[in-house]
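Chemist: I'll drop the sequence and a predicted model, then ask my questions.
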Amino acid sequence: MLMAAGADSVLAVDAFVSFTLAILLLFVGKGLTGRVALLRRYGIPEPVVGGTLCAAVVCALYYGAGLQVIFELGARDMLLLYFFAALGLNSNIRALALGGWALPILVLLASGFMVMQNGLGMVLAGLFGLDPRAGLMVGSVSLTGGVGTTVAWTPHFVETLGIAGAGELGLAANMIGLIAACVIGGPIASWLMRRHAVMPSADAGLEVGTLHGDATRNQLDYYGVLLALLWLNVALLLGQGVSALIATTGLHLPAFVGCLLAGITLRSLGDLFAPRGGRMWRYDTMQPGLALVSDISLGMFLTMALMGLQLWALQPMLLFIGTVMLLQVALVIVFTVFVVFRVMGRNYEAAVMCSAFGGITLGSTATAVANMSAVTREHGAAPRAFLIVPLVCGFFIDLINALVIGWMAG
């Protein structure tokens, strides 16, 4: 329950209360999105509305009442694993093969952008009188890499390169980038669709993260949901083994990568050996359950991630961080609108991927997928985007980012 932590005005909120509050905030976000046309028009994800509102209230309590609220968010990481396991189980490799060019192209675009991102950060760090290499912490380390990459690289920047406060700098940039990525994704996609008269594909089917469409295709039943939960747990167990195997190579990738790859593997094996379905592999039966679990897991994860932000941590470095992030966000918008959309095909799938590009380069994989979910829920499914973007975010970019950071830090 709630505990006051002594005279230092810290209020610790335990895991159960935090989880319950996240559910309430998700309802608040859905309610506000349903009532405020502007939020729907620009595809602002529902979890972002509730989570950001909570972060703002907590920040106001910190400055107004001297009270620091700390949420216990241990369930957050497990929700992320369930989401990516569901995403993998819903991934059709044959659909990817039909338009496989989009995967390497998006990898190249994101890789090139990381170099630009780091270059901008290093130039601005030099102008503010800092070690230019500190600019990497407000570049691809924290923005493309996220919290995990920031924490992993902090000892190298502090102990080896001698850059004091590198960790705080990176975490602050990640905090702003996460919010910015949530805000710009939907509006970018909506503007591109209006500007170029883009229409969704008529034959796009139901995807994870997009519960919409013909009600006859979304029949949930007890057996289907239970079967979905079984295969999700199998994917999580297999994902642990995949992550351990990857770690033996010296690569340190987020745990969700193993779950995503495990889900893709299970789906491929199921389609190969039981194409017409079987008692334990009834994909058509469990697919609506997978979509439901995916939507709930992603919404809860993003809500909990945002409600836990400590916005007051930005104060000591506000001028530098504010200047850098303003230019970084502007760079993302310009690059997405004038390069990514055109190169990726100038179609509906390209617009959906553009909504995710801010998540790829500013926030996190979950942010990228949440942006796509908000857009597709309003306009229609985008199957290739939901398969390609998580692979780019969770696998290829982490590998390339490590090489880019090491090269530019040297």
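Modeler: Yes, it's here. Numbering: from 1, shown residues only.

Chemist: Strands along the stretch 151-300 of the chain, start to end?
Modeler: Counting by DSSP state E, counting those that start in this stretch, one finds no strands in the stretch 151-300 of the chain.

Chemist: quick one, what contacts the residue nearest to residue 359 when sequence neighbours are not counted?
Modeler: Setting aside the residues directly before and after it, residue 359 is nearest to residue 368 in space (C-beta to C-beta, 6 or more residues apart in numbering), at 2.7 Å. Any C-beta I mention is one placed from the backbone N, CA and C, and that applies to glycine too. Neighbouring residues of residue 368 by C-beta atoms under 8 Å, 6 or more residues apart in numbering: 181, 185, 356, 357, 358, 359, 360, 389, 390, 393.

Chemist: Out of those residues, which sit inside strands?
Modeler: Among these, DSSP state E puts none in strands.

Chemist: can you pull the pLDDT of the residue nearest to residue 359?
Modeler: Here the pLDDT value assigned to residue 368 is 87.

Chemist: Where does it sit: helix, strand or coil?
Modeler: Assigned by DSSP: H, G, I helix; E, B strand; the rest coil, the conformation of residue 368 is helix.

Chemist: again, but for residue 12
Modeler: At residue 12 the chain is in strand, as set by three-state DSSP.

Chemist: number of nearby residues for it?
Modeler: Using other C-beta atoms under 10 Å, the number of residues around residue 12 comes to 16.

Chemist: what is it paired to in the beta sheet?
Modeler: Beta-bridge pairing of residue 12 under DSSP bridges involves residue 3, residue 70.

Chemist: Next one, pLDDT for it please.
Modeler: Per-residue pLDDT puts residue 12 at 89.

Chemist: which other helices and strands contact the helix or strand residue 40 falls within?
Modeler: Secondary structure from DSSP states H and E places residue 40 in helix 37-41. Under the contact definition 3 or more C-beta pairs under 8 Å, 6 or more residues apart in numbering; DSSP states H and E, helix 37-41 sits against helix 15-35.

Chemist: what pLDDT, on average, does the helix it packs on get?
Modeler: Rounded mean pLDDT across helix 15-35 is 92.

Chemist: can you list the residues that contact it?
Modeler: Helix 15-35 has contacts (C-beta under 8 Å, 6+ apart) with 1-2, 13, 39-40, 44-51, 53-54, 71-75, 299-300, 303-304, 307.

Chemist: List buried residues within those.
Modeler: Neighbour-count burial (16 or more other C-beta atoms under 10 Å) applied to those gives 13, 39-40, 44-51, 53-54, 71, 73, 75, 299-300, 303-304, 307.

Chemist: Can you list which of those are found in strands?
Modeler: 13, 71.

Chemist: So what's the residue count around the nearest residue to residue 274 once chain neighbours are set aside?
Modeler: Nearest residue to residue 274 in three dimensions, chain neighbours excluded: residue 281, at 4.3 Å (C-beta to C-beta, 6+ apart). Neighbour count of residue 281, defined by other C-beta under 10 Å: 19.

Chemist: spatially speaking, which residue is in the middle of this protein?
Modeler: residue 366 (2.0 Å; C-alpha atoms, centre = their mean).

Chemist: got the residue ranges for the helices in the stretch 51-200 of the chain?
Modeler: Under the criterion DSSP state H, counting those that start in this stretch, helices of the stretch 51-200 of the chain are mapped to 75-89, 93-98, 102-127, 146-155, 166-195.

Chemist: Now do the last one against helix 102-127, angle only.
Modeler: If I follow you right, that is helix 166-195. 130 degrees (axes from the mean of the first three to the mean of the last three C-alpha atoms, to 10 degrees).

Chemist: same question, the first one
Modeler: Orientation check (the same axes, to 10 degrees): helix 75-89 against helix 102-127 gives 150 degrees.

Chemist: Between helix 15-35 and helix 75-89, find me the angle.
Modeler: 60 degrees.

Chemist: How far away from the center of its chain is helix 75-89?
Modeler: 12 Å (C-alpha atoms, centre = their mean, to the nearest Å).

Chemist: List the buried residues for that helix?
Modeler: Neighbour-count burial for helix 75-89 [16+ other C-beta under 10 Å]: 75-76, 79-89.

Chemist: would you list those residues in a markdown table and tack on pLDDT?
Modeler: Formatted as a markdown table, these follow (pLDDT from 0 to 100):
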| residue | pLDDT |
| --- | --- |
| 75 | 86 |
| 76 | 83 |
| 79 | 89 |
| 80 | 82 |
| 81 | 88 |
| 82 | 91 |
| 83 | 84 |
| 84 | 81 |
| 85 | 89 |
| 86 | 88 |
| 87 | 79 |
| 88 | 82 |
| 89 | 87 |
